[in-house]
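Colleague: Structure for this input, please:
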Amino acid sequence: MSIKPGDKLPDLSLPASGGREVNLKSDYKGKKLVVYFYPKDNTPGCTLEGQEFTALYKQFGKAGADIVGVSKDSVKAHDNFCAKYGFPYSLLSDKEGELCEAFGAWIEKSMYGRKYMGIDRSTFLFDAKGVLKKEWRKVSAKGHAAAVLEAVKAL
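Modeller: Numbers count the residues shown, from 1 in each chain. Purely as a prediction, here's the structure:
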């Protein structure tokens, strides 16, 4: 099952970078929230995407939004990734894939004819009431954060 526009933010808690536990529903109550899923820390596309969100982070804040990134990497890997690139937002560790499943971001992929399961680079924008307003699937990392920022400003 996959979340779709009009659905509410799931009430899930996950371990996050910085050694904290983050609950999407309660920790971001009253704020617009961008939740982006990415395949793996320290890979070229994921690094580029994270850097672009970081470059626009203050503008997201001015527009009343916060950002969280999600992958199946460990908290330790997230901490190293954040330290290396200076990400100012939380990265959530979804080791069990509960959030990936809820968002429909865990999909079958294919590379060189081999099929496997992996995270679909995708982004979800929630309004201040926790309602999904826009989703992006099969995202190309370059320039994506700017497109998301424009949607945040339009809310």
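
Colleague: what are the phi and psi angles of Lys8?
Modeller: phi -90, psi 150 (degrees, to the nearest 10).

Colleague: To clarify, my last question referred to Pro88.
Modeller: Per-residue torsions, Pro88: phi -90, psi 0 (degrees, to the nearest 10).

Colleague: does it really touch Leu56, like I thought?
Modeller: No - between Pro88 and Leu56 there is no contact under C-beta atoms under 8 Å: 10.8 Å. (C-beta placed from N, C-alpha, C; glycine too.)

Colleague: Neighbour count: the two, which is higher?
Modeller: Neighbour tally, Pro88 and Leu56, criterion other C-beta atoms under 10 Å: the higher count belongs to Leu56, 17 against 13.

Colleague: Got phi/psi on that one?
Modeller: In terms of degrees, to the nearest 10, the main-chain angles of Leu56 are phi -100, psi 10.

Colleague: OK, contacts around it?
Modeller: When contacts are counted by C-beta atoms under 8 Å, 6 or more residues apart in numbering, Leu56 touches 145-146, 149.

Colleague: The helix or strand bottoming out on mean pLDDT in the chain pairs with which strands, parallel or anti?
Modeller: Here the helix or strand of the chain ranked lowest by mean pLDDT, DSSP states H and E is strand 106-111, holding a mean of 86. Each strand paired with strand 106-111, and its direction, by DSSP bridges: strand 114-119 (antiparallel).

Colleague: got the buried residues for the strand it pairs with?
Modeller: 118-119 (16 or more other C-beta atoms under 10 Å).

Colleague: What of stretch 80-87?
Modeller: Here stretch 80-87 shows 81-82, 87 as buried, counting by 16+ other C-beta under 10 Å.

Colleague: which of the residues you listed lies closest to Val139?
Modeller: Closest approach to Val139 among the buried residues of stretch 80-87 (C-beta to C-beta): Phe87, at 17.4 Å.

Colleague: Report the separation between that closest one and Glu150.
Modeller: Computed as C-beta to C-beta, to the nearest Å, the Phe87 to Glu150 distance reads 21 Å.
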